[in-house]
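sequence and predicted model, in that order:
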Amino acid sequence: MSMALTALLGMLVIAGSAATTYMISISRERLWLKSKKAEELYEKAEETCFDLCGFFRDRYELSQMVLTPHDGREIALINRRIVDLKILVGLYFPGLGHRLAGAVAATATAFDQLRLAQASDFSNRPQTLQMLDYAVSETKDSFERLKADILLAGQIDSVGRIASALFNRRPRQQSERILSAAA
């Protein structure tokens, strides 16, 4: 009986260590994937913001009250980038959906203001261009908030949820404090 009990205990130890190794491996793979997808999402958000700012910078000049017409190719590129952002957020970071929705809404408002500015007559142009400039600023700010949340969502401080709850509570609190410091 003692031999059978020893064998059973040995098998349980081996099975437990195999399960633990498997869980650690899976956790590390998930964290690696999460970090890569967060990096990809951040780059796409940065590219989208950069393209939007360039698009609007080329379309109006606030100091001279000048508007420049545009073609649809640039807008199609921006739309493709926004679709990529929606896919990444939907698949990997659904908690960032509200931030992305805010950035998309701000972008739509900026495009609406651009259409209003293009349709306005010369006497209303200063007000419409000022509103357009405000909408573009809000678009840029909303993308900056999205990028900051992406950095928080992609943080890697520990191997897994259970391990971080038990062992690594202090490093996460410290890293959040560092990220929130004013530059």
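Perfect, I can see it now.

from now on I want contacts and neighbour counts done on CA atoms only, so please keep to that.
Noted.

those helices in this structure, which residues are they?
Secondary structure of the chain (DSSP state H): helices located at 2-59, 72-92, 97-119, 125-153, 161-166, 169-179.

low-confidence ranges in the protein?
Per-residue confidence for the chain (pLDDT under 70) gives these ranges: 1, 19, 21-28, 30-31, 62-64, 157-183.

spell out for me which residue occupies the centre of it.
What sits nearest the mean C-alpha location of the chain, by CA atoms, centre = their mean, is residue 150, with 3.8 Å.

residues contacting that one?
Neighbouring residues of residue 150 by CA atoms under 8 Å, 6 or more residues apart in numbering: 38, 41-42, 96.

so which of these would you say is closest to residue 102?
Here the nearest of those to residue 102, counting by CA to CA, is residue 96; it sits at 10.0 Å.

quickly note the distance from the closest one to residue 145.
Here residue 96 is placed at a distance of 10 Å from residue 145 (CA to CA, to the nearest Å).

so which of those two has more stuff around it?
The residue with more neighbours, out of residue 96 and residue 145, is residue 96; 18 against 15, by other CA atoms under 10 Å.

contacting residues around that one?
Residue 96 sits next to 89, 146, 149-150 when contact means CA under 8 Å, 6+ apart.

pull up the gap between it and residue 41, please.
Taken as CA to CA, the span from residue 96 to residue 41 is 11 Å.

can you list residues touching both of the two?
Going by CA under 8 Å, 6+ apart, residues that sit against residue 96 and also against residue 41 are 89, 150.

dump the contacts of residue 96 into TSV; add distance to residue 69 as well.
Converted to TSV, those look like this (distance: CA to CA, whole Å):
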residue	distance to residue 69
89	32
146	29
149	34
150	34
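
among these, which one lies nearest to residue 102?
Nearest to residue 102, judged by CA to CA, of the contacts of residue 96 is residue 146 at 8.7 Å.

just to check, that closest one is in contact with residue 103?
Yes - when contacts are counted by CA atoms under 8 Å, residue 146 is listed as touching residue 103 (7.4 Å).
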